[in-house]
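Novice: Provided below are the primary sequence and the corresponding predicted coordinates.
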Amino acid sequence: MRRYVLLRTLSMVPALLGVSVAVFLLVRLIPGTVVDQMVGTEGSYSEESMRALRAFFGLDAPIHVQYARWLGAVLQGDLGTSWRTGLPVVQMILGRLEVTVELTVVAMLVAIAVGVPLGMLSARRENTALDHAVRLVSLFSLSIPVFWQATMLILAVSLWLEWAPSVDFVSFTRDPLGNLGIIALPGLALGTAVAAVFMRMTRSSVLEVMRQDYVRTARAKGVAEPGVLWRHALKNSLIPLITVAGVQVGYLLGGAVITEEVFTLPGVGRLLLWAVFQRDYPLVQGTILFISGLFMVSNLLVDLVYAYVDPRIRYG
Amino acid sequence: MTRPRTARVSRRRFLALSASAAAIAAAPAAAQPSRRPGGTFISAKTTEAPSLEPIMEQALSRQRLDPLFYNRLVEWGHDGKLEPALAESWTASADGRTWTFTLRRGVKFHNGRDFTSEDVKYTYERILDPKVGSGGRGYLSAIDHIELPDPHTVRIVTKQPSASLLAGMAGGWSAIVSHHEKGDLRRTAVGTGPFILQEWVPQSHLKARRNPDYWDKGKPSVDAVEIKVIPDEANIIAQLRTGNIHHALLEDNKNYLLVKDDKRLRAQRAPRLGFDMVNINHGRRPYTDVRVRQALSLAVDRAEVLQAAASGLGSVTGPLTPAMRPWALPADAFKEWYTPNLERARKLLADAGYPNGFKTTLKVIPTFPTMVAGAQVVAAHLKKIGVDAQIIQEEYGVWIKAIIKPNFDFDLTMNLTTGDADPDSLFYRRFHSSEKQWNNDGDPDIDVLLDQGRTTLDPAKRKDIYDRVQRLMVDKAIQIWTFAPDMIDVTQASVQYQQHFTTNYYGFRTVALGK
Amino acid sequence: MAERALRPALRNWLVLFGTGIIVAMVLLAAFAEVVAPYDPTEMKVVDALEGPSLAHPFGTDRFGRDVLSRTMHGSRIALGVAISSIGLALVIGTILGLVGGYVGGVTDLVIGRAMDILFSFPTLILAIGIAAMLGPGLDNAALAIAVVYAPFFSRVVRGPVIAERAKEYAVAALGLGAGTFRVVFRHILPNVLAPLIVQASVSLAYAILTEAALSYLGLGTQPPAPSWGTMLNEGRTYLETAPWMSIFPGLAIMLAVLGFNLLGDGLRAALDPQLRGR
């Protein structure tokens, strides 16, 4: 076990290096640079001024030199400065992290609280009207695009309740109620979509496990139904559930762009999208490296939990 | 939660209360405009400036914003005439080459320094220095050198008589910065303007407080302004309805239909300088042939483009938009080409050797709603004369890289601009063959007129020249001008706000929160 | 007794329903030109934004195009993108997951980390990057979606494979001299099918939604081609004034998602070795 943990943790280093190369190349393969952005179509620029701008951003150096410069700085803990805003990249990311993490946590809580019990209920009452109803509702929530659902929510509450979630984010520690008022709608919007995935995963895994011989044996031995469900079924459906949870956390950390956009939440996703559109290389690179790091840690935890839950999983 | 003061009471109840109160108090109260100075004016917009750097940042959102923090020597007034600002008065020599500006005294920068002629020289020379790379160079390129006889006088000598020098000085790039401030102006603003930047949290909000030492006494009326960034306009509408914000300039004109009947809100409409267009690459076949371009121009029904792209809230425009009042010819002047005539278009195509039309591409930036909608209408119209225009969407950065000089990698592309208040500023940089910024074009007849226009100081003669330019441009179908969307500002009904034809932030200097 | 008799029937009924939806979609996609009352790209700006009527049962959009015809034609794009992208992602992801989970050790680590690299790129950003590089268009959008979703399948497969491999029957089969290939395909693959099918049916829905998001950024379907995602997006800004513009393509997406999922459930039940022959 200890060897596995060590190996698994160390394997993140080459992976992060891989990410750094991938993101470095990716941003440069997309046509257009920050200089083109700044020049636009309206200003009158000479070749000379364009050259001056390129040199200013270090874009005139060969690509491997640019990479070496960047990596060197990163290894010393310096993610650089945003080209467009002139702010340190780390500061920009940290300023956004709270929203993203909070949104992720709220969405996951909603998803687990709604998805898992419904999934179990649905599995226990397989093929009854209740089961069908739960499954239909979950499919319904799964199939509404987030951007559409979010717009609907905002319009509906502003028209009927004459209330709109504030666009000034306040942190939970400073104003818990105000904070919840802001995070509730988007958290709900994101959470219900993820809950559907949880519900389906729980249902199918529980059904799976309930058909295993040992569960049938337990039932035959007269163990009460809830006991079977808890002791055997749920515990054994943990692996696929943890997998899905890991996947969804990753999706939420970087993927809530559209929700953040519609609800005006200052999160990491929006920052990244903006950075890509502005061709702000240091900001794109820094943010992706950061999100990747977070995500890999969450995956590491998932894998370690696997190993813990199922002792048979060991590396040779 | 910081709600505007006016919105504490539920708006409906408030209206009901004030209506009955007004009934009792009767006319006198209503006759007097209830201007209460003070308060924080809260506005929202969908995009924000990447930086505030006044001579480097080309983003329109920066140009719009900087009247809050900066002044120019001369500025555009509400009536479309140039007014004294940091310059109290000016004279031009008889040959039109030497301009002498008398500067306003007692003006202070936000950093406490006095405003002097040094600051003007520093600012303009920085803009003109090719090594700096300012996008505003073209506006001031007539300047040969700048002399400073004393701290309150600036003498500008131009290479030739320049009719658009003052307009260039009032334009989006010519804000005067303090010559003591050599640092990075991307995150700060050190001007002489009515507001002092207090806090800027990117993608969230920007706060500025009233400049107590502002030279234009009595302005601004409010204590502070806050500009929120709300990327989704549906949310902006929601925030207006619930009274969380005072003001927004609509990006998507059809949202006007959602607010126009709302008693709590007031929507103002005015013509905008900017316009939408279709650029044509003159360097590529078959667009080298004027008949092909004319055929396209005849096929496009501009009124339908306006209807679909901006819900009809705007006007069909020629090369100069209706907001450029003294200069623009009305769209009627171009009836010959603006009335769709498919028969004639097909004949022109046949004469040019394309009796069955041809295939072409039409580029568009997906995040610009009027472009996407306009492109689909234009493509449908072109199809009627056999021109099969395949729409290609390119993300902004990719698109810019492709269409700018010298790449010109496009056949047709949708485009839009914020426009300019002066015809020389608008035309020369974009259509003169020495500049050719948009269409890879160049026409000797137009060149001659554009050269004359920039050095002709007599307004009547100048007007005559630009009338001819406009007609020639449409006759030769240099590109397809489609429409100028209206500028629509929505405020809470209680707010006194005056629109400005260049940028809405001039309106922030005088805005007052009523009641 | 009655309830017991009803269960398989009800299950069959739902599966039948799902199959019916998908078959209808396929037919619609194949014969859209015949069935649709109008050309989906034909504009009539004077008739723009009209509500549902006899002439236009689903109303018209901002260009006066018939929403019914566009929704019908949209099924072709939706099916095409969803099936091709998820099909590709399924094949790539499953193979990588099987190999990684079965072989274990360094191979697993390498595959796992490579997937992590892909995975840790935020979905939309990765898709934007790929689409921006390859150029806009439907094929490239499908490829981008496939690359984005492959790691999902690889991860979903890997976990159960590890668990299955350790189980007695696999060990026994190997011990009896069965080839690795045979063990993987005969014994292990059927056992990971259930989560795989669930994941696939869910992903098909996500693929349609991702296509919509890509179209929003101009990297998917090029206008004026009717994709449900694009229609929904155009309709989003008309939610108050012309809700029919987005409600009908929205319903189409929901039906498609429902169809795929019910079909998936049916397939899962049919393929489940424990359920077989019962």
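Specialist: Sure, I can see it.
Novice: Phi and psi next, for B:Pro366.
Specialist: Phi and psi for B:Pro366, reported as degrees, to the nearest 10, are phi -60, psi -20.
Novice: Tell me how far it lies from chain A.
Specialist: To chain A, B:Pro366 is 11 Å away according to CB to the nearest CB, to the nearest Å. The way it works is simple: take the backbone N, C-alpha and C, and place the C-beta from them, glycine included.
Novice: Check that residue and give its pLDDT.
Specialist: pLDDT for B:Pro366: 83.
Novice: I'd guessed it sits against B:Ile392; true?
Specialist: No: the criterion here is CB atoms under 8 Å, and B:Pro366 misses it with B:Ile392 at 10.2 Å.
Novice: who's more crowded, those two?
Specialist: A direct count of neighbours by other CB atoms under 10 Å in any protein chain shown for B:Pro366 and B:Ile392 places B:Pro366 higher, at 25 against 22.
Novice: Now for A:Val170, how many residues are close by?
Specialist: A:Val170: 16 surrounding residues under other CB under 10 Å.
Novice: so where's the stretch 101-250 of chain A uncertain?
Specialist: Per-residue confidence of the stretch 101-250 of chain A (counting by pLDDT under 70) places the weak regions at A:213-215, A:223-237, A:250.
Novice: Near chain B, which residues of it? Just list them.
Specialist: For the stretch 101-250 of chain A, the contact set with chain B under CB under 8 Å from any CB of the partner chain comprises A:151, A:154-155, A:157-159, A:162-164, A:166-170, A:178, A:181.
Novice: Which ones among those also lie next to chain C?
Specialist: Contacts with chain C within these, as defined by CB under 8 Å from any CB: A:Thr151, A:Leu155, A:Leu159.
Novice: Just the buried residues of the residues you listed.
Specialist: Buried members of these, counted by 16 or more other CB atoms under 10 Å in any protein chain shown: A:Thr151, A:Leu155.
Novice: Just the buried positions in stretch B:468-476, please.
Specialist: In stretch B:468-476, the ones that count as buried by 16+ other CB under 10 Å are B:Val469, B:Gln470, B:Arg471, B:Met473, B:Val474, B:Lys476.
Novice: CA atoms only for that stretch, dumped as CSV, please.
Specialist: Provided in CSV are the C-alpha atoms of stretch B:468-476 (Å, rounded to 0.1, in the frame of the first residue of the first chain):
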residue,chain,number,x,y,z
ARG,B,468,-18.8,63.1,-53.6
VAL,B,469,-16.7,60.5,-51.6
GLN,B,470,-19.9,58.9,-50.2
ARG,B,471,-21.5,58.7,-53.6
LEU,B,472,-18.4,57.3,-55.3
MET,B,473,-17.9,54.7,-52.6
VAL,B,474,-21.5,53.4,-53.0
ASP,B,475,-21.3,53.6,-56.8
LYS,B,476,-18.1,51.6,-56.9
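Novice: contact partners of it?
Specialist: In this structure, residues lying in contact with stretch B:468-476 by CB atoms under 8 Å, 6 or more residues apart in numbering or on different chains are B:290, B:293-294, B:297, B:318-320, B:328-329, B:333-334, B:337-338, B:423, B:427, B:431, B:443, B:445-446, B:449-450, B:453, B:479, B:481.
Novice: Which of these fall within helices?
Specialist: B:290, B:293-294, B:297, B:337-338, B:423, B:427, B:431, B:445-446, B:449-450, B:453 (DSSP state H).
Novice: Can you add distance to chain C and give the residues you listed back as CSV?
Specialist: As requested, the ones in helices among the contacts of stretch B:468-476 are exported to CSV (distance: CB to the nearest CB, whole Å):
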residue, distance to chain C
B:Val290, 28
B:Arg293, 23
B:Gln294, 23
B:Ser297, 19
B:Trp337, 20
B:Tyr338, 16
B:Pro423, 32
B:Phe427, 30
B:Phe431, 28
B:Asp445, 35
B:Ile446, 33
B:Leu449, 36
B:Leu450, 35
B:Gly453, 37
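Novice: Quick one, which of those are buried?
Specialist: Judged by neighbour count, with 16+ other CB under 10 Å as the criterion, the buried members of the ones in helices among the contacts of stretch B:468-476 are B:290, B:293-294, B:297, B:337-338, B:423, B:427, B:431, B:446, B:449-450, B:453.
Novice: returning to what we had before: can you tell me which of the ones in helices among the contacts of stretch B:468-476 is nearest A:Thr33?
Specialist: B:Phe431 (26.8 Å; CB to CB).
Novice: ok, now which ones touch the closest one?
Specialist: B:Gln437, B:Trp438, B:Asn439, B:Asp441, B:Ile446, B:Leu450, B:Met473, B:Ile478.
Novice: How many neighbouring residues does the fourth one have?
Specialist: Neighbours of B:Asp441 under the rule other CB under 10 Å: 23.
Novice: and what of the third one?
Specialist: The number of residues packed near B:Asn439 is 25, by other CB under 10 Å.
Novice: what's the span of stretch B:346-357 from first residue to last?
Specialist: With CA to CA, to the nearest Å applied, stretch B:346-357 spans 8 Å between its terminal residues.
Novice: Surely C:Thr71 forms part of a helix?
Specialist: Yes: for C:Thr71, which was evaluated using DSSP: H, G, I helix; E, B strand; the rest coil, the result is membership in a helix.
Novice: Test my guess that it contacts C:Leu232.
Specialist: No: taking contacts as CB under 8 Å, C:Thr71 lies outside contact range of C:Leu232: 10.5 Å.
Novice: any shared contact partners between the two?
Specialist: Common neighbours of C:Thr71 and C:Leu232, counting by CB under 8 Å, 6+ apart, are C:Pro249.
Novice: Using PyMOL, define a selection of the buried residues within the residues of the stretch 101-250 of chain A next to chain B.
Specialist: The PyMOL selection below is limited to those of these classed as buried (16+ other CB under 10 Å):
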select buried, chain A and resi 151+154+155+157+158+164+166+167+168+169+170+178
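Novice: surely B:Ile230 meets B:Gln239?
Specialist: Yes: with contacts defined as CB under 8 Å, B:Ile230 counts as touching B:Gln239 at a distance of 6.6 Å.
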